[in-house]
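> give me the fold of what follows.
(one chain, ligands or ions: 1)
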Amino acid sequence: MTKVAVVTGGTRGIGKAVSIALQQQGYTVAAVYASNDCAARQFSYETGIKAYKWDVTDFNACQRGLNQVMAQLGEVEVLVNNAGITRDTMFHKMTPEQWHAVINTNLNSLFNMCRPVIEGMRARGFGRIINISSINGQKGQLGQTNYSAAKAGDIGFTKALALENASKGITVNVLCPGYVETDMVKSMSQEVVNTKILPNIPAGRLAQPEEIARCVLFLVSVDAGFITGSTISINGGQYLV
Ligand code: NDP
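Next up, the predicted model:
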């Protein structure tokens, strides 16, 4: 029987690496994206993975999209909530739009995506949910009250959902990457990366998306069945909790 995994933001960056790793592990993957059709087409062409376009901030769109995935591919066994955005600015200059966009995409999306699949996972007695938070949800970051709040919210959500579902064979865990070499980081100037970011990472380098994907692969495995509600830092030693 095919095992189905859904990866939000699955067509670029960390999500792309996760989608490919899960496919190589034998999963039929549905990669969800928001608007970059060009990147999604290229991704599907390269990998053969089906890309689905819907907005994870919209509960009805998530419900419709997940119903379509289930009808076409099968029941969802693995859900990786990875879609995220930043809208950085100091709080005293932040607009309500910047606040809500980041909270909706990075936090409310977890409700929107988990709610339609959790009852099925409970009924089948198995599920793996992995949420992608951030080091900045653990420690806070200048210019990111919106992002830090959303990512910290992901951690609390993960713990509560893990407690509710531990007896049903479902694990829920959250990863907190440090800086990963994706478009999100490439949008920063090289000077900022060299002078402000790299000197603060004891490992002396950025993470590669595949390093996050390998952690996801372990967490979805049957061997990781006793790991739930965990917050896992992947940050090259930048922040130790
Ligand atoms: P990218 O910007 O490279 O990719 C983001 C992905 O999310 C894209 O596929 C994008 O779709 C999708 N997406 C964004 N908004 C929505 C939405 N509303 N609905 C559906 N899909 C959406 O991000 P990264 O790979 O860098 O980051 C992935 C996750 O990891 C994020 O949650 C981020 O906060 C977190 N993270 C990243 C770090 C880093 O250094 N890169 C560090 C710590 C955490 P589209 O292609 O259509 O735009």
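
> where does the prediction get shaky in the protein?
Along the chain, the parts satisfying pLDDT under 70 run over 1.

> hey, where'd the strands end up in it?
Using DSSP state E, the strands found in the chain span residues 3-8, 27-33, 50-53, 76-81, 127-132, 170-177, 231-234.

> nearest to residue 120, of these?
Using C-beta to C-beta as the measure, strand 76-81 is the one of the strands of the chain that comes nearest residue 120, at 7.0 Å. No exception for glycine: its C-beta is placed from N, CA and C like everyone else's.

> with only the CA atoms kept, save the closest one in CSV.
C-alpha atoms of strand 76-81 as CSV (Å, rounded to 0.1, in the frame of the first residue of the first chain):
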residue,chain,number,x,y,z
VAL,A,76,-2.2,10.9,4.7
GLU,A,77,0.3,9.2,7.0
VAL,A,78,2.9,12.0,7.2
LEU,A,79,2.3,15.7,7.3
VAL,A,80,5.2,18.2,7.3
ASN,A,81,4.1,21.7,8.0
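
> which ones are touching the residue nearest the centre of the chain?
Closest to where the C-alpha atoms of the chain average out (C-alpha atoms, centre = their mean) is residue 82, at 1.6 Å. By C-beta atoms under 8 Å, 6 or more residues apart in numbering, residue 82 lies in contact with 7, 8, 9, 10, 14, 15, 18, 132.

> give the contact list for the residue nearest to residue 228 when sequence neighbours are not counted.
Leaving aside its sequence neighbours, residue 228 sits nearest to residue 171 (C-beta to C-beta, 6 or more residues apart in numbering; 4.0 Å). Counting by C-beta under 8 Å, 6+ apart, residue 171 touches 127, 128, 129, 162, 219, 224, 225, 227, 228.
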